[in-house]
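Asker: My questions concern the predicted model and sequence given below.
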Amino acid sequence: MGTLYHSTRSCERSVTGKFAIRTGIASDGGLYVRDDLPEKALDLTRVCGQTFQETALEVLSALFEDFSPEELESCVSQAYGEAFDDARIVPVEKLGADYMLELFHGPTCAFKDMALQILPHLMICSRERSDDKILVLTATSGDTGKAALAGFAGIGNIGICVFFPYQKVSDIQELQMVCQKGANVGVCAVRGTFDDAQTGVKRIFCDAGLIERLSARGISLSSANSINIGRLVPQISYYFDAYAQLVRSDALVLGDAVDFFVPTGNFGDVLAGYYAKLMGLPVGKLIVASNDNNVLTDFITTGTYDRMREFRKTISPSMDILVSSNLERLLYHLSDGDCAYVASLMDQLAAEGSYTVDDELLSRIQDILGCGYATNAESTEAIRYTFERTGTLIDPHTAVGKHVMDDMRPGGRPRILLATASPYKFPADCLAALGRDASGMSGFAAMDALEDITGTVAPGSLSALRSMERLHDDVCNIDAMAEFVDAVSKRAFA
């Protein structure tokens, strides 16, 4: 099939979808994109009569043409089934006068499951030969790591190596990762921030010496972060499915636009919404909701992206990010595919820590995106009043989006808040938000107390962590990440 994907930084070399998934990132450091998304528009009438699985299959078929129908059908059926605790996969529920898209019903209780349950199957199909060995590298701010581990653990000829920022994820998030079983998995805390871990992973992809050593053993590198197009494309599906649910419930007239409020850090979730818009979904605005690390709010407001600022540890750790990788893809699309311009911006960011887009590009960005942010105190208050007013318990990341949504005057369109994680991944912070003293409590004590006072029930996969053994206790500096990858490769493919 055609070679449709190319780097955001160069159009000189095009590759297939399978190649893009298998390699994760382009050789020049850019991210894989394609230029014909508007030509891939879905039939909304048909989408509104489909299950989530049927819509996911349609999205994947449109953008990964080099996969056979049988391959994609198998990937979808294996990914979206009994591992989810709701048959709708991504249910939409009322939240006061608005709506909430629940993306946490997968096995690790976070929206990352929507892509990382299917990415391993896509990657297996992407191998040139069945005995090819692929080592998947992932930097995580909390949720991606466990979702990737759950998806890739135990898969033959694929290893998975996860890095997370030391002491900067919730204790439940950490336990999800360090208790992961599997001879093909490696987990390591990195002394630094998520941005440090993410930068370290990107450097490994450019480490010629390591790549040569791995290649000599038949091992290639790939990524499970949203820089991988195979991670991003599946997320388009839940935007279409959310819209279809509102139409079927008569909350929306087919063809009318919807606003989406998206808590975000690395910009992948928002970008999937933009891709859905390009593919024909009637999206009014995509509202980027940030926490105290509000680099995206400042960028969308001023046109200047500046990562040279104080890093703030918040109660929404999966959004504690200062370098939002997927923004590069949006810059490519809205600059009319100007690879040289995008490359110059990324060079400035790497060398100087900031860049400023021109006025025309900023105007295009602001036509599509709105923005806002929430402090820790505002997120905490959003958890409290949402529960008191609606009876719905939300996690600190979703609370960021809820605060931004409530702070913004409705524009006459239905509004959907993306709920990105179960509140039970952050029980102490949710408990404190409801006015209970959680100081000194373990995550499990807070989990039990949260169940008692809210009448809700913790997901079984999280509650079960209390009886699991810690299997991974590695901690390294940034400059030792490549050494850890080398060690994991020897163990995973022994």
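Answerer: Now that the structure is in, tell me what you want to look at.
Asker: residues in contact with stretch 342-359?
Answerer: The contact list for stretch 342-359 (Cβ atoms under 8 Å, 6 or more residues apart in numbering) reads 8-10, 28-30, 303-308, 323, 328, 331-332, 335, 365. (Glycine included, C-beta is placed from N, CA and C.)
Asker: can you rerun that using 7 Å?
Answerer: The contact list for stretch 342-359 (Cβ atoms under 7 Å, 6 or more residues apart in numbering) reads 8-9, 303-308, 328, 331-332, 335.
Asker: State the mean pLDDT of that stretch.
Answerer: Here stretch 342-359 scores 97 as its mean pLDDT.
Asker: just to revisit the earlier point, buried subset of the contacts of stretch 342-359?
Answerer: 8-9, 303, 305-307, 328, 331-332, 335 (16 or more other Cβ atoms under 10 Å).
Asker: sorry, back to before: so which of the contacts of stretch 342-359 sit within strands?
Answerer: Using DSSP state E, the subset of these located in strands is 304-306.
Asker: With pLDDT and distance to F205 as extra columns, can I get those residues in a markdown table?
Answerer: Shown next, in a markdown table, are those (pLDDT from 0 to 100; distance: Cβ to Cβ, whole Å):
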| residue | pLDDT | distance to F205 |
| --- | --- | --- |
| T304 | 98 | 28 |
| Y305 | 97 | 22 |
| D306 | 97 | 25 |
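Asker: of all those, which comes closest to T55?
Answerer: Using Cβ to Cβ, Y305 comes nearest to T55 of the ones in strands among the contacts of stretch 342-359, at 33.2 Å.
Asker: doesn't N294 make contact with that closest one?
Answerer: No: the criterion here is Cβ atoms under 7 Å, and Y305 misses it with N294 at 11.8 Å.
Asker: From G156, how far out is S130?
Answerer: Per Cβ to Cβ, to the nearest Å, S130 is found 9 Å from G156.
Asker: my bad, V33
Answerer: Applying Cβ to Cβ to V33 and G156 gives a distance of 31 Å.
Asker: okay, these two: which has more neighbours?
Answerer: Just comparing V33 and G156: by other Cβ atoms under 10 Å the higher neighbour count belongs to V33, 25 against 9.
Asker: can you pull out the helices in the stretch 351-494 of the chain?
Answerer: 359-368, 376-390, 396-407, 427-433, 443-454, 460-463, 481-492 (DSSP state H, counting those that start in this stretch).
Asker: Low-confidence stretches in the protein?
Answerer: Applying pLDDT under 70 to the chain picks out residues 1-3.
Asker: tell me the residue furthest from the middle of this protein?
Answerer: No residue in the chain sits farther from the centre than A216, which is 32.2 Å out by Cα atoms, centre = their mean.
Asker: ok, L31 - contacts?
Answerer: 8, 25, 227, 328-329.
Asker: What is the nearest of the residues you listed to S14?
Answerer: T8 (12.8 Å).
Asker: What values do phi and psi take at the closest one?
Answerer: phi -70, psi -20 (degrees, to the nearest 10).
Asker: Quick check: it touching H333?
Answerer: No: applying Cβ under 7 Å, one finds T8 not in contact with H333, separated by 9.0 Å.
Asker: Need the residues touching each of these two.
Answerer: Common neighbours of T8 and H333 (Cβ under 7 Å, 6+ apart) do not exist.
Asker: Could you look up the SS state of L101?
Answerer: Secondary structure state of L101, per DSSP: H, G, I helix; E, B strand; the rest coil, is strand.
Asker: List the beta-bridge partners for it.
Answerer: V92, L418 (DSSP bridges).
Asker: wait, what's in contact with it?
Answerer: 90, 92, 238, 242, 416-419.
Asker: Next: C11.
Answerer: Going by Cβ under 7 Å, 6+ apart, C11 touches C339.
Asker: Would you verify that it is located in a strand?
Answerer: Yes: assigned with three-state DSSP, C11 falls within a strand.
Asker: quick one: it and A432, what's the gap?
Answerer: For C11, the distance to A432 - Cβ to Cβ - is 50 Å.
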